[in-house]
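> no FASTA, just this:
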């Protein structure tokens, strides 16, 4: 299985996806056409055009799955799949309504198509949606997503700021609450970081400060870019659903 899971698609002072250009080019080596899934945003055509403009620089054509007469068939034939960021609740609901969670997962796991996700698209690679940062603007049929990795990811992870006047929960506190109800590790990906899976190997990459791994009953563990996180792939494929 080939996965590239980005925490974010835009970085300060950089064009869309430019901060990860080299790793994206390497991940998509040999791909001439990319199937893009734009359902996390309302403007599907505009979003697809934005992705196409970036991929054109890599010599890769982009097809928006929303233009296909049969989206499931398009997923089943895709050379590679990219699910972009936006609202993850809207994204998952759209995938479920079109039968694409199973179709995309099968194409990636059994068909060998490289998968790329950013932000909400990275959430989709997890067993469930439950560690997203997004507002539930719509209600999906369930929180179950693609399950391409057996652990949870929190994209755009922010460290607690002692100087902040904000009185709501920090991201760390919210993930601690998640772990009170769910027995599965959560990897907090800071801005500018990504995960790359090739077969049974999982590596943390990026241009920033790395990631934090949260596990129930233990202190969070820091990982720097370049860290081998392959041990996270040995977890059961689905975790214990203590709540619905």
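Received the coordinates, thanks. Everything quoted here is computed from the prediction, not taken from an experiment.
> Residue 141 is in contact with residue 96, correct?
Yes. Counting by CB atoms under 8 Å, residue 96 does reach residue 141; the two are 5.0 Å apart. Placement of C-beta: from N, CA and C, glycine included.
> who's more crowded, these two?
Just comparing residue 96 and residue 141: by other CB atoms under 10 Å the higher neighbour count belongs to residue 96, 16 against 10.
> Check the secondary structure at that one for me.
Residue 96 falls in the helix class when you classify it by DSSP: H, G, I helix; E, B strand; the rest coil.
> same deal with the one 10 residues further on?
Using three-state DSSP, the secondary structure recorded for residue 106 is helix.
> likewise residue 82?
Taking three-state DSSP as the rule, one finds residue 82 in the strand state.
> and it, bridged to which residues?
Under the criterion DSSP bridges, residue 82 forms beta bridges with residue 36, residue 116.
> Quick check: it touching residue 51?
Yes. Using CB under 8 Å, residue 82 makes contact with residue 51 at a distance of 6.8 Å.
> Show me the common contact partners of these two, please.
Taking CB atoms under 8 Å, 6 or more residues apart in numbering as the contact rule, residue 82 and residue 51 both touch 34, 36.
> which one of these two has more residues nearby?
Each of residue 82 and residue 51 has its neighbours counted (other CB under 10 Å); residue 82 has more, 28 against 22.
> list the contacts for the more buried one?
34-37, 51, 115-118, 121.
> Compute the distance between it and residue 202, please.
Residue 82 sits 19 Å away from residue 202, going by CB to CB, to the nearest Å.
> do residue 20 as well
For residue 20 relative to residue 202 (CB to CB), the value is 17 Å.
> Does anything pack onto whatever helix or strand residue 91 lives in? Which helices or strands?
Element membership of residue 91 [criterion: DSSP states H and E] is helix 88-97. If you count contacts as 3 or more CB pairs under 8 Å, 6 or more residues apart in numbering; DSSP states H and E, helix 88-97 packs onto helix 100-109, helix 120-124.
> Just name the most buried of these.
Highest mean neighbour count of these: helix 120-124, a mean of 29 (counted as mean count of other CB atoms under 10 Å).
> what sits up against the longest helix belonging to the chain?
For the chain, the longest helix by residue count, based on DSSP state H, is helix 44-56. For helix 44-56, the surrounding residues in contact (CB under 8 Å, 6+ apart) are 15-18, 34, 36, 38, 41, 61-62, 64, 66-67, 82, 84, 86.
> Just the buried subset of these, please.
Buried residues within the contacts of helix 44-56, defined by neighbour count using 16 or more other CB atoms under 10 Å: 17, 34, 36, 38, 41, 62, 64, 66, 82, 84, 86.
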